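Peer 1: Sequence and predicted model, in that order:
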Amino acid sequence: MKGGRTLTFRYHTSDKLTNLQAQSLVSKLTYSLEGISACYLDGENQDIVIHANDDSNRSQIEDTVLLLMEQERTIRTLKSRVIRNVSTNDDNYKSPFPGASYHPDWSFASDGSVRRDFAVMLYQSIDGILSNLAMERHAKYRKYPSMIPLKTLDKCGYVTTFPQNIYLVSEIPHQSDILQKIKKTGDVESNLRQSQYALSPAVCFHCYEELAGQTLEHPVILTALGTCYRHEATWRLGNQRLNEFSMREVVLIGTPDFVESERNWWVDCIWKLFGDLGLTGRIETANDPFYFSDDAAKAQHQQMANMKYELVVEVDGGTQTFSIASFNNIREALCKPFRITDAADKPLHSGCIAFGIDRWVFSLLKKYGEDPGKWQPHIAEMMRFS
Ligand code: ATP
Ligand code: ZN
Ligand code: MG
């Protein structure tokens, strides 16, 4: 079927995949195809629908869908379990908030290119609340660079597990003839080389590098706000999904009991904050977006062992949902390769609480609008801008 110049391709999955498998397949296809402008599951018949920019890569799309579908059939995809829930349909939910005005291109440009005025204040307010909570938990403050050595990411297993998300940094060699060539031809691309750095996809990896090789006698909590970068499919970018975003992380390192109980403190505390801010949604078990089918067991393990919880917000009356925070207990996974140990030389446990600040700002603007004077006074007061 043709719609303008865009072509729509449909692939039946209901005879081959469960609904969860089909959802998982869609999230992998998102990172598997170029030259498309949409990829989603048709809710009625579980078809995978792909909008292609033209007909030139039809067979490549088809081959990829069929190949990944065969792989997906062999994977048992586990359903998320909801552990906290306040739904948009609850009695006390009122949406849109009376008086809410929202003009996406005014303070929160939907393409992520600029934040203005009130939206900038909201970034500071949200981060202020989170960083004060971290201070209450005796966290130590940190600030890390945007670039991270590839060696560090490699040690975290990131390069081979999530290559689809990495932004690498290239550089021009300090070599006179190459610099001259660029000056003369303007051709940068064929004179580049890969640097030793990537743009950091998360904040916590820096903490492990900082503490590498140390023996810790007491638990450590570090917190930092950072800019994170992820290569997302171009057609999915906008509003809450950006390729550059602000993340505050609280990183926990200590005994297994310490990490788990501290993570649970954060789950309870942030759930209360979420409710006090009048937001609706749920906390549920989750797994990282593993791309390769041979990492499927890791995803199952994360789900079954409650290693990752996500706080999922509902906006626009529940028609849009996305995670605004994750609460991760990764056990020995990173303390081991970074040799962060207890006094008996055993790897410690660790975890992190990660907040996507842009998504908190976006959710609040969506819910209450852009005029701070119209916000409910108690919420304005919580945000400290009243
Ligand atoms: P998602 O499920 O939305 O793809 P994720 O599971 O990859 O995100 P984490 O690795 O847990 O996310 O990152 C922590 C937090 O960072 C997320 O809960 C979210 O708030 C934020 N985040 C992640 N990716 C993006 C993005 N592309 N744009 C804006 N915020 C993001
Ligand atoms: Zn983290
Ligand atoms: Mg996720």
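Peer 2: Yep, that arrived. Ligands and ions are numbered 1, 2, ... in the order given.
Peer 1: make it CA atoms for all contacts and neighbour counts henceforth
Peer 2: Noted.
Peer 1: Okay, helices next: where are they in the protein?
Peer 2: Using DSSP state H, the helices of the chain run over 19-29, 58-73, 104-107, 117-136, 150-155, 158-161, 176-185, 204-211, 256-276, 296-304, 357-368, 377-382.
Peer 1: Listing request: residues of the stretch 1-150 of the chain with sub-threshold pLDDT.
Peer 2: Within the stretch 1-150 of the chain, the segments meeting pLDDT under 70 span 1-4, 88-105.
Peer 1: and the stretch 151-300 of the chain, which residues reach ligand 1?
Peer 2: With C-alpha under 6 Å from any ligand atom as the criterion, the stretch 151-300 of the chain meets ligand 1 at residues 240-243, 245, 288.
Peer 1: Can you tell me which of those end up in strands?
Peer 2: Counted as lying in strands by DSSP state E, out of those, are Phe245.
Peer 1: May I see the residues of the stretch 151-300 of the chain next to ligand 1 organised as a markdown table, with neighbour count added?
Peer 2: As requested, those are exported to a markdown table (neighbours: other C-alpha atoms under 10 Å):
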| residue | neighbour count |
| --- | --- |
| Gln240 | 23 |
| Arg241 | 19 |
| Leu242 | 23 |
| Asn243 | 19 |
| Phe245 | 19 |
| Asp288 | 12 |
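Peer 1: Closest residue of the stretch 1-150 of the chain to ligand 2?
Peer 2: Tyr144 (13.4 Å; C-alpha to the ion).
Peer 1: neighbours of whichever residue of the stretch 201-350 of the chain sits closest to ligand 2, just the number please.
Peer 2: Proximity of the stretch 201-350 of the chain to ligand 2 (C-alpha to the ion) peaks at Cys204, 4.4 Å away. Look at Cys204: counted by other C-alpha atoms under 10 Å, it has 25 neighbours.
Peer 1: again, but for Gly356
Peer 2: Going by other C-alpha under 10 Å, the residues that sit close to Gly356 add up to 19.
Peer 1: which strand residues sit across from it in the sheet?
Peer 2: Note on Gly356: beta-bridge partners by DSSP bridges are Met247.
Peer 1: right, and it touches Ser246 too?
Peer 2: Yes: taking C-alpha atoms under 8 Å as the definition, Gly356 is a contact partner of Ser246 at 6.1 Å.
Peer 1: Spell out which residues belonging to the stretch 101-250 of the chain are near ligand 2, please.
Peer 2: Contact residues, the stretch 101-250 of the chain versus ligand 2 (C-alpha under 5 Å from the ion): Cys204.
Peer 1: try 8 Å this time
Peer 2: Within the stretch 101-250 of the chain, the positions near ligand 2 by C-alpha under 8 Å from the ion are 202-205, 249-250.
Peer 1: Of these, grab the buried ones for PyMOL.
Peer 2: The following PyMOL command selects only the buried members of these, with burial defined by 16 or more other C-alpha atoms under 10 Å:
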select buried, resi 202+203+204+205+249+250
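Peer 1: Need the residues of the stretch 101-250 of the chain next to ligand 2 in CSV (columns: pLDDT and distance to Gly213).
Peer 2: Converted to CSV, those look like this (pLDDT from 0 to 100; distance: C-alpha to C-alpha, whole Å):
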residue, pLDDT, distance to Gly213
Ala202, 98, 21
Val203, 98, 19
Cys204, 98, 16
Phe205, 98, 14
Glu249, 98, 22
Val250, 98, 20
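Peer 1: domain ranges for the protein?
Peer 2: Each domain of the chain is listed here as a residue range: 2-73, 82-166+201-382, per automatic domain parsing.
Peer 1: can you put those in JSON lines and add distance to Ile172?
Peer 2: Shown next, in JSON lines, are these (distance: least, C-alpha to C-alpha, whole Å):
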{"stretch": "domain 2-73", "distance to Ile172": "27"}
{"stretch": "domain 82-166+201-382", "distance to Ile172": "16"}
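Peer 1: Highest mean neighbour count out of these?
Peer 2: Highest mean neighbour count of these: domain 82-166+201-382, a mean of 18 (counted as mean count of other C-alpha atoms under 10 Å).
Peer 1: what about it, distance to the chain center?
Peer 2: 7 Å (C-alpha atoms, centre = their mean, to the nearest Å).
Peer 1: Between the two ends of it, how far is it?
Peer 2: Criterion C-alpha to C-alpha, to the nearest Å; first-to-last residue distance in domain 82-166+201-382 is 27 Å.
Peer 1: got it, and stretch 74-81?
Peer 2: Stretch 74-81: ends 22 Å apart by C-alpha to C-alpha.
Peer 1: what comes up buried for that stretch?
Peer 2: 75, 77-78, 80.
Peer 1: Likewise for stretch 183-203?
Peer 2: 197-203.
Peer 1: got the contact list for Ala134?
Peer 2: Contacts for Ala134 were tallied using C-alpha atoms under 8 Å, 6 or more residues apart in numbering; they are 223, 250.
Peer 1: what's near enough to touch Ser363?
Peer 2: 313, 315.
Peer 1: Need the per-residue pLDDT for it.
Peer 2: Note on Ser363: pLDDT of 96.
Peer 1: Now do it against ligand 1, distance only.
Peer 2: Computed as C-alpha to the nearest ligand atom, to the nearest Å, the Ser363 to ligand 1 distance reads 11 Å.
Peer 1: one step back: from the residues of the stretch 151-300 of the chain next to ligand 1, which one has the minimum pLDDT?
Peer 2: Out of those, that is Asp288, at 91.
Peer 1: Please report the distance of that one from Ser176.
Peer 2: In this view, Asp288 and Ser176 are 44 Å apart by C-alpha to C-alpha.
Peer 1: Please apply the same query to Lys151.
Peer 2: 28 Å.
Peer 1: and what of Glu244?
Peer 2: Plainly put, Glu244 is 33 Å away from Ser176 if you go by C-alpha to C-alpha.
Peer 1: Serialize the buried residues of stretch 74-81 to JSON lines and add fields for distance to Gln376.
Peer 2: Shown next, in JSON lines, are the buried residues of stretch 74-81 (distance: C-alpha to C-alpha, whole Å):
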{"residue": "Ile75", "distance to Gln376": "47"}
{"residue": "Thr77", "distance to Gln376": "42"}
{"residue": "Leu78", "distance to Gln376": "40"}
{"residue": "Ser80", "distance to Gln376": "33"}
